[in-house]
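Participant: Got a predicted structure plus its sequence, pasted below:
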Amino acid sequence: MEALTFSTVASRHFSTAFPRKTHPNHSATSWTGSTSPHALSFRFSNSSSTRELWGIVKSQRVIPVRREKRGVIRAEMFGQLTSGLESAWNKLKGEEVLTKENIVEPMRDIRRALLEADVSLPVVRRFVQTVSEQAVGVGVIRGVKPDQQLVKIVSDELVKLMGGEVSELTFAKSGPTVILLAGLQGVGKTTVSAKLALYLKKQGKSCMLIAGDVYRPAAIDQLVILGKQVDVPVYAVGTDVKPAEIARQGLQEAKKKNVDVVIMDTAGRLQIDKNMMDELKDVKKTLNPTEVLLVVDAMTGQEAAALVTTFNLEIGITGAILTKLDGDSRGGAALSVKEVSGKPIKLVGRGERMEDLEPFYPDRMAGRILGMGDVLSFVEKAQEVMKQEDAEDLQKKIMSAKFDFNDFLKQTRAVARMGSMSRVLGMIPGMGKVTPAQIREAEKSLQIMEAMIEVMTPEEREQPELLAESPARRKRIAQESGKTEQQVSQLVAQLFQMRVRMKNLMGAMEGGSVPALSNLEEAIKSEQKAPPGTARRKRKSESRKQFAGSAGRPNPRGFGGGN
Ligand SMILES: Nc1nc2c(ncn2[C@@H]2O[C@H](COP(=O)(O)OP(=O)(O)OP(=O)(O)O)[C@@H](O)[C@H]2O)c(=O)[nH]1
C-alpha cells in the first residue's frame, strides 16, 4: 500500500477542485476521495440555479457549498465546524441561565465539532475546559440569552486560541528584509512567493524573488512566470547551483539593487527528511533572514500544526502561512497552529489568484467560523450597558455611603477576572513602578478578604455596621474563615475607609479634578516609608472619623480591640 504523506493527500484532493494549471510538473489526477478519517467527500458538478447548494457530505453531515462567480463550487469556509457548533447553541434554547448541568450537552457538541474539524485533542480539551469554566462563572446579562452568551464566550476563546492579535510581518531595520519560505511539496510555496511579493509591492516595497527550488526545474520556470505576472524580478541561476549559493548570490544582487524585500522560494519534499532540513539550515545561515515562514496547507488539519512545531524545532521559524483556506478545509490547522507550536499564522492564502493572500486576523476568522457577527455585537453592547449600569449603581452607593461588602467582593472579583493584579496595575499609566513584591502582597490580602466576606451573612454584607458594632459577630467570622479577629476588624475598618476615600474621589471627579495616579503611587511609597506605627495611627484616626459619619454607630473602641 502506498504511504500517503500530507502533501500527496492534499495535492491529490486538491487536483480535482483546483487543477494545477501553472505547475507543469504535476499532471492533474482524477482523485476524488479523501484520506481523512471522515472519508466520503464529493462535489456536485451539475449546474444549479440556486446559489446555495447542499453539496459536500462529510462525516454524514451535509455542509453548504457556494457557487462562486467564476463557476467554481466552494465549501463555505469551515461550514462543517459552523454547523457543529450551531447544534451546541440550539441545545440552550429555552434556558434561563447557563448552569453546570445545562452546558454539559452543548460542551459535548463543541468538543465533537472541534474534533471533527481536526483540531488537535489537547487543544480541544483545553478549549472546552476554559469555555466551561467561563460559562458557569458568567453572570446573567439582562436581555442576553444563555445561548448568545455561550456564543460570545466561544468566540472570545477562539480568538485567543488563534493568537489574539494579528501577527504582522517584521521588516529589517537596515538593508533588505529577507523572507525565507519553506514547506512540503505542493503546499503552495512557489505561488505564495509571488503572492507575497505582490502583497508587499502594494505596501510600497520593492521586492525580488529568488528561485531556490533546484529539484523541480519547472518550479523555477513557474516562479519566473509568476514573477512576470506580478511584475517583480526573479533571480534564477538554474538547477546546477546549490541552494545556499543561490541564496548568497541572490542576496548580493538584491543589495546591489537596493531592494526592500527579498523572498526566497525553496524546494519542497514529500516528507521531512534530514537532507532537506540540512539544506534549509545552510540557506538560513547564508541569508540570515528576517522572517522564516513555513507554508502549510490548511487541508492537512492538525498535521499542519505538528509540521510547524517540527520545523520550528529543527530550523527555527518565525511563523506560518496557511494556504488553501478557500477549500473545504475543516479548520483544524487554523485553530491548532498557534496553540500547538507557539508560532503564529501570519498570512493566509484564500485562492489561486495572485491577490489571494491576506493577513491572518484571528477575530475575523472566529467571526467566519461562528457566522454570528450580529449576536456577538449584541452581546458586547449588552455587556457595555451592564458595565455602565453597574458603575452608575456603584456611584450612587458610594455617594450615599452605602458601599457594602457585596460591592467590595464584586470589585475584588472584577479585578481577578481581568487577570492578575500585576497585569492590571501594569496597564495603568504611572503605576509601572509598583514593585512585584507589593503586587504579590496586594493579591494575598485580596484572597484573605474574600475568605472573610464569604462567611458573612447577607445582612452583614449589606450592613457593615453590624460587624462594626458586634465583636461577637467578628469573632464568628474569624473562626469560620480561619482568620484572626484582628484581621476581621481590619477588614471592617478598611471598608469604612474605602467609603470615605471613594466618596472623596467621586467628589473630586465631579468637581473636575481627578487625583493623578502618580499621587497614588506616591501615597503607596510614603506609606511604606512611614515609621512603624504611623500608618496604623493614621488609619485608626481615619476609621474613627468614618464611623462618626456612618449610619450605625459602632463602638469606637471596637476595632482590633477584641470583644
Ligand atoms: N485554492 C487555492 N489553491 C492554491 C492556494 N495556494 C496555492 N494553490 C495551488 O496549489 C497548487 C500548488 O502550488 P505550488 O505553488 O506549485 O506549490 P509548491 O509548494 O511550490 O509545490 P512544490 O514546488 O511541488 O513543492 C497550485 O495549483 C496553486 O495554484 C490557495 O491559497 N488556494
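Facilitator: Looks like it came in fine.

Participant: Flag the shaky bits of this structure, pLDDT-wise.
Facilitator: Scanning the chain for pLDDT under 70 picks out 1-77, 137, 139-143, 271, 328, 372-401, 411-440, 442, 502-563.

Participant: of all the residues in it, which ones are close to the ligand?
Facilitator: Residues of the chain lying close to the ligand (CB under 6 Å from any ligand atom) are 18, 20, 23, 183, 185-191, 213, 216, 219, 268, 323-324, 326-327, 349-352, 356. Just so you know, the C-beta spots here come from the backbone N, C-alpha and C atoms, and that holds for glycine as well.

Participant: Inside helices: which ones of those?
Facilitator: 189, 190, 191, 219 (DSSP state H).

Participant: Next, give me the two most distant ones among these.
Facilitator: 191 and 219 (10.5 Å; CB to CB).

Participant: before we move on, the earlier item: what's the PyMOL syntax to select whichever of the residues of the chain next to the ligand are buried?
Facilitator: Burial among the residues of the chain next to the ligand is assessed by 16 or more other CB atoms under 10 Å; the matching PyMOL selection reads:
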select buried, resi 18+20+23+183+185+186+187+188+189+190+191+213+216+219+268+323+324+326+327+349+350+351+352+356
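
Participant: can you pull the contacts of residue 198?
Facilitator: Shown in contact with residue 198 (CB atoms under 8 Å, 6 or more residues apart in numbering): 230, 232, 354, 355, 357.

Participant: Distance check, the closest residue to the first one other than its chain neighbours against residue 474.
Facilitator: Think residue 230. Nearest residue to residue 230 in three dimensions, chain neighbours excluded: residue 198, at 4.1 Å (CB to CB, 6 or more residues apart in numbering). From residue 198 over to residue 474 the distance is 72 Å, taken as CB to CB, to the nearest Å.

Participant: Over to residue 126?
Facilitator: Counting by CB to CB - residue 126 and residue 474 are separated by 43 Å.

Participant: ok, those two, which is more surrounded?
Facilitator: The neighbour comparison of residue 126 against residue 474 (other CB atoms under 10 Å) goes to residue 474, with 27 against 14.

Participant: Now that one. Nearest residue, chain neighbours left out?
Facilitator: residue 488 (4.5 Å).

Participant: Quick check: which element contains that neighbour?
Facilitator: helix 485-510 (DSSP states H and E).

Participant: residues near residue 170, how many?
Facilitator: Residue 170, neighbours per other CB under 10 Å, totals 13.

Participant: doesn't residue 291 make contact with it?
Facilitator: Yes - if you go by CB atoms under 8 Å, residue 170 and residue 291 touch, sitting 6.0 Å apart.

Participant: Now the common contact residues for these two.
Facilitator: With CB under 8 Å, 6+ apart as the test, residue 170 and residue 291 both reach 177, 318.

Participant: How about the contacts made by residue 289?
Facilitator: 178, 179, 180, 264.

Participant: In a helix, the first one, correct?
Facilitator: Pointing back at residue 178 there. No - judged by DSSP: H, G, I helix; E, B strand; the rest coil, residue 178 forms no part of a helix; its state is strand.

Participant: ok now do it, which residues does it touch?
Facilitator: 172, 251, 261, 262, 264, 287, 288, 289, 290, 291.

Participant: Phi, psi for the residue lying closest to the fifth one once chain neighbours are set aside please.
Facilitator: In this case it means residue 264. Distance criterion CB to CB, 6+ apart; nearest residue to residue 264, sequence neighbours excluded, is residue 210 at 4.2 Å. Main-chain dihedrals, residue 210, degrees, to the nearest 10: phi -120, psi 130.
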